[in-house]
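Participant: 3D, please:
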Amino acid sequence: MVTKDISAQPTGRTAQRLYSAGQLLGGPAAALLTLVVLSSGLVPGYQMYTVGLAAVYGLIVLSISLLAGWTGIWSIGHPAMVAIGAYATAYGSSNGWGLAFTSVVAVVLCALLGGFLGFAGSRFSVLYVALLTLAFTLVILEIIGAWKSVTGGDQGVPVETFETALGDLVPSSDEVTYLAVGILGLAIAVSVFLRRTTIRMRMVAAKTHPLAGRSIGIAPELQSSLGFAISAGVAGLSGVLLALLSGFISPEGFSMVFAVNLIAATVLGGTGSVIGAVLGGAFLASAPTLASSLSIDQPYLIGGVLILTLLFLADGIVPTAGKLLRRFVPVTRALGRPAPSLSGPDLVDTAGSGANLRADAADAADAADAADAAEAAVLRTEALGVRFGGLQAVHDIDLRVGAGEVLAIIGPNGAGKTTFVNALCGLIGGGELEGTMELGGRPLNGVRATRRRSLGLGRTFQHAELFAELTVLENVSVVNRWERRADRDSALQVLASVGLADHVHRLPGELPFGLQKRVDLARAVAALADNPRLMVLDEPFGGLDADERRTLAEHIRRLSDSGTSVVIIDHVLDDLFAVADRVVAFDFGELIADGTPDTVLQNQTVRDSYLGNIDTTLIAPDIDRAATPLISVRGVEHHYAGVRALSGIDLDVHAGGILGIVGANGAGKSTLGRILHGDLHSTGGTRTVTGTDALRLSLVPEGRALFRTLSVRENLEVAAYAAGISGRRLRTRLEELQHGLPERVRTRMNIPAGSLSGGEQQLVAIARALMADPEVLILDEPALGLSPAMVDEVYSQVNALARRGITTILLDQSLARALESCSEIVVLRQGEVVARGNSGTPGFGQIAEAAYFGTEIPAHIGEVFVPKP
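Facilitator: Alright, predicted model coming up:
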């Protein structure tokens, strides 16, 4: 084992720890200092109330700010919580309750109501949650007005003296101000402490990515409920302090104006900022005096400050100041990073010395139990199906996965692969599940997604769905409900095992895509630390370079060797087959082949599912390759946040005919199509349009992207207006295009486009693109999700358009359809051109097929085939 030299940085670690301790104790220390100043008589008596009010408002703003920052819930219901706490105080003081008991009643009552609101609102968007809390405030205000025997109605109710262990506490006395300041200091310390715990991490995870949260056992609705309960409890305690401070409670103090002022103060200080909440509370308390000194009404002052903040300090005063400090004062960047752990796992070399993490655990297992587990199926599905309304996405899947087996699932886009694994993970949304599933002999049907982790099921996502507001270490630590030191050490060890030990305190957005994929894998591994049975990896090789794919393959093998079964979906077949023990192929939601990697791809049904069935009924128009191309790209490359989508693409688009750009899902077809269209600018290389940039191009995106609630006619009209077509020209164009649509569509021009079948929608999408009378038409996966009959109809339309002189670029997964219908074909694989030619070139079909799958080209064919530049 290679260890890091930690002796070279003792001063930095000491400074970080002192800074961390200062953050935790800063609130109580500031409160203590304030109390010393107040008790010394340096603050005039008439300002004591303002100081106390600033502390109370700071506590309320803190509860709102952390709720919004951690859970994403913006509450307009907090004035009602404050009112409940205040009226509970008035009632308790008049009925002989002690202050402690009264405070507990207020906090618990508000926490229960807040928990209910958080749970009920978790299924709604931010807007509807705000409306829910608004309605709650209005209801509470109505109850206050009607329950006169307790609240005094519009006349209000006084707060009487409380007996405490330290003597009588008189409302509106200086002692109340001392109490408010002290409680605010403690609340700040608790907030800073909670910020470092998994309590805050899990709330942020549920807010950032609910689906990924469910996959590691986090229930978003419970996190919203917990966050709102804590926040409401603090607001209720604030109400107790406000009642003691004012000595009299009336409903006017809890109006909607108060709610707006609290939101403004939250935004002013900075959402999620503890210091910002204190600043916001101080601003609210001093606003009346400040408005009076400026001779303006208080609403104008608060409204103006809020507008200026949103325009120039969108993150709030404190977060903006923090960013400036970190930018211009280097020492603050070092202090702002958490101190790394000095335990053993933090000293592990990143070169893979954590490779035995799972193997050590496996060695400790009983040999007889391991042998029995190897013989049993870890995963078993019987007639498994998933239906979305009238769409059967997965149908009648019988599958077994043994202990330690690596199973690869392949198939074209839309074959049902992801839907199948989502069913295993309980993430099918509104889909209807059929058949049965078992994991380790335990039924999965009816088991919530958040509980499947405890059964030993984990997964990664195609796009590494990480929690953007959490660091790399927090993304892994968040799998624990309560983080102990041993859990943190385990998280560091898992991160080291995937080569991330040097990135633990960075945010995911600061990492390239390959490292983000590793974080996703580490999180899934950590989630299964206690019970690793089955790991599901959704396109883990996509977007990775050769070294990253090799590292990932090694880690998959380590998982398998430790006894964990692995199910992988991917389109990078060569890397996938290198780690797979067995391969199953899906098409149209059905399992069409099952075997070893070297046999499944030779199955003609599997090859046809990828490549299609060749039918020579369509004859592709010729292209004049001697003419100047309409569009040329040279050396084009493109990256998405570190993910390489294209590399070194040289391509000419000639007038006339159909250019087919073919490749598996993720090969880069859509990216290249958008670059050719011009709506996406490549990160490298050049795009040249012959003569002028006024070349008319139209793009039909994958999935059609129709306005589903608009009628067919309105969809066409929108495209016409965007192209500057109106009046008589618009009517003429509509009549021309209607004739090209099937009769079943022509007669239903006024119905919503979303009510058409998939094939009919595709024809409408093509017609919409033709409204602009394009010279070049780009079609992205026009046959995706269509029945064979509709595929034939769509391609007949494409062929007819090309014969009318419209240059057509066809982006498709099906090589056979391209060979049948395209004048020229370019095959992409992993963002690179690996073959080009046409069906008239001897042997090109076999060359293109080998290039498509990454297999070897037959020698006798390679000798006669020379790719065109």
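Participant: what about Asp396, how many residues close to it?
Facilitator: Counted with other Cβ atoms under 10 Å, residues neighbouring Asp396 total 15. Glycine gets a C-beta too; all of them are placed from N, C-alpha and C.
Participant: those strands in the stretch 751-869 of the chain, which residues are they?
Facilitator: Assigned by DSSP state E, counting those that start in this stretch, the stretch 751-869 of the chain shows strands spanning 776-780, 807-812, 824-829, 832-837.
Participant: so of the ones you listed, which one's packed in deepest?
Facilitator: For those, average neighbour numbers computed from mean count of other Cβ atoms under 10 Å are highest in strand 807-812, which has a mean of 26.
Participant: mind listing what it pairs with, with the direction of each?
Facilitator: strand 658-662 (parallel), strand 776-780 (parallel) (DSSP bridges).
Participant: how about the first one as PDB, C-alpha atoms only?
Facilitator: It refers to strand 658-662. Only the C-alpha atoms of strand 658-662 are listed here, as PDB (Å, rounded to 0.1, in the frame of the first residue of the first chain):
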ATOM      1  CA  ILE A 658     -30.100  11.400 -48.900                       C
ATOM      2  CA  LEU A 659     -27.000  11.400 -46.600                       C
ATOM      3  CA  GLY A 660     -27.300   8.700 -44.000                       C
ATOM      4  CA  ILE A 661     -25.500   9.200 -40.700                       C
ATOM      5  CA  VAL A 662     -25.700   5.800 -38.900                       C
END
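Participant: Show the average pLDDT along that strand.
Facilitator: In this model, strand 658-662 carries a mean pLDDT of 91.
Participant: Quick check: which of the strands of the stretch 751-869 of the chain is nearest to Leu407?
Facilitator: Proximity to Leu407, assessed across the strands of the stretch 751-869 of the chain by Cβ to Cβ, is greatest for strand 824-829 (23.3 Å).
Participant: wait, which of the strands paired with strand 807-812 is closest to Ala491?
Facilitator: It is, among the strands paired with strand 807-812 and with distance given as Cβ to Cβ, strand 776-780, at 41.0 Å.
Participant: give me the number of residues near Tyr418?
Facilitator: In this structure residue 418 is Thr, not Tyr. Thr418: 20 surrounding residues under other Cβ under 10 Å.
Participant: dump the residue contacts of it.
Facilitator: Gln462, Asp538, Ile569 (Cβ atoms under 8 Å, 6 or more residues apart in numbering).
Participant: Now tabulate those in CSV and tack on distance to Ser609.
Facilitator: Shown next, in CSV, are the contacts of Thr418 (distance: Cβ to Cβ, whole Å):
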residue, distance to Ser609
Gln462, 20
Asp538, 19
Ile569, 15
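Participant: for the stretch 401-550 of the chain, what spans make up the helices?
Facilitator: Taking DSSP state H, counting those that start in this stretch, the helices of the stretch 401-550 of the chain run over residues 417-425, 449-452, 472-477, 485-497, 513-527, 546-561.
Participant: mind checking how far the longest one is from the chain centre?
Facilitator: So the one you mean is helix 546-561. 25 Å (Cα atoms, centre = their mean, to the nearest Å).
Participant: same question, the fifth one
Facilitator: If you compare the mean C-alpha spot of helix 513-527 with that of the full chain, they lie 14 Å apart, counting by Cα atoms, centre = their mean.
Participant: and what of the shortest one?
Facilitator: Taking Cα atoms, centre = their mean, one finds the center of helix 449-452 at 19 Å from the center of the full chain.
Participant: Same check on the third one?
Facilitator: Helix 472-477 has its C-alpha centroid displaced from the chain centroid by 15 Å (Cα atoms, centre = their mean).
Participant: Offset the numbering so it begins at 18, please.
Facilitator: All set: I'll call the first residue 18, so the last point we hit is now helix 489-494.
Participant: What is that helix packed up against?
Facilitator: Taking 3 or more Cβ pairs under 8 Å, 6 or more residues apart in numbering; DSSP states H and E as contact, the helices and strands that helix 489-494 lies on are helix 215-225, helix 502-514, helix 530-544.
Participant: who's in contact with the residue positioned nearest the centre of the chain?
Facilitator: Here the mean C-alpha position of the chain is nearest to the C-alpha of His226 (Cα atoms, centre = their mean), at a distance of 4.2 Å. His226 sits next to Glu482, Leu483, Phe484 when contact means Cβ under 8 Å, 6+ apart.
Participant: and which of those residues is nearest to Ile216?
Facilitator: Once Cβ to Cβ is applied, the member of the contacts of His226 that ends up nearest Ile216 is Phe484, at 14.3 Å.
Participant: wait, isn't that closest one in contact with Pro525?
Facilitator: Yes: shown here, Phe484 and Pro525 form a contact pair, counting by Cβ atoms under 8 Å, at 7.4 Å.
Participant: what about the longest helix in the protein?
Facilitator: The helix that spans the most residues within the chain, counting by DSSP state H, is helix 27-56.
Participant: Neighbour-wise, give me the winner out of the contacts of His226.
Facilitator: In terms of neighbour count, Phe484 stands highest of these at 25 neighbours, by other Cβ under 10 Å.
Participant: Gln779 and Thr306: what is the separation?
Facilitator: Remark: distance between Gln779 and Thr306 (Cβ to Cβ, to the nearest Å) = 66 Å.
Participant: who's more crowded, these two?
Facilitator: Ranked by neighbour count (other Cβ under 10 Å), Gln779 and Thr306 place Gln779 first, with 27 against 12.
Participant: Kindly report the domain assignment for the chain.
Facilitator: 65-352, 370-489+546-628, 648-712+792-879 (automatic domain parsing).
Participant: Export those domains to JSON lines and append columns for distance to Ala503.
Facilitator: Below are the domains of the chain laid out as JSON lines (distance: least, Cβ to Cβ, whole Å):
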{"stretch": "domain 65-352", "distance to Ala503": "13"}
{"stretch": "domain 370-489+546-628", "distance to Ala503": "10"}
{"stretch": "domain 648-712+792-879", "distance to Ala503": "33"}
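Participant: Of these, give the one that comes closest to Ser774.
Facilitator: Closest to Ser774 of these, according to Cβ to Cβ: domain 648-712+792-879, at 7.4 Å.
Participant: any idea how far the closest one is from the chain center?
Facilitator: For domain 648-712+792-879, the separation from the chain centroid amounts to 31 Å (computed by Cα atoms, centre = their mean).
Participant: and if you look at stretch 592-604?
Facilitator: In terms of Cα atoms, centre = their mean, the centre of stretch 592-604 is found 28 Å from the chain centre.
Participant: still on that earlier bit, state the phi and psi torsions of the residue nearest to the centre of the chain.
Facilitator: Per-residue torsions, His226: phi -150, psi 90 (degrees, to the nearest 10).
Participant: pLDDT score for it?
Facilitator: 91.
Participant: mind checking how far it is from Gly443?
Facilitator: Going from His226 to Gly443 by Cβ to Cβ gives 16 Å.
Participant: go on, Ala782?
Facilitator: Taken as Cβ to Cβ, the span from Ala782 to Gly443 is 34 Å.
Participant: can you check Leu279 too?
Facilitator: From Leu279 to Gly443 the distance is 39 Å (Cβ to Cβ).
Participant: Out of those two, name the residue with the larger neighbour count.
Facilitator: Each of Leu279 and Gly443 has its neighbours counted (other Cβ under 10 Å); Leu279 has more, 25 against 20.
Participant: What is the helix or strand harbouring Ala304 packed up against?
Facilitator: Ala304 belongs to helix 291-311 when assigned by DSSP states H and E. Counting contacts by 3+ Cβ pairs under 8 Å, 6+ apart, helix 291-311 is packed against helix 62-88, helix 191-212, helix 273-286, helix 315-329, helix 334-345.
Participant: Mean confidence (pLDDT) on the last one, please.
Facilitator: Summarised as a single mean, pLDDT over helix 334-345 is 83.
Participant: Cool, thanks, talk later.
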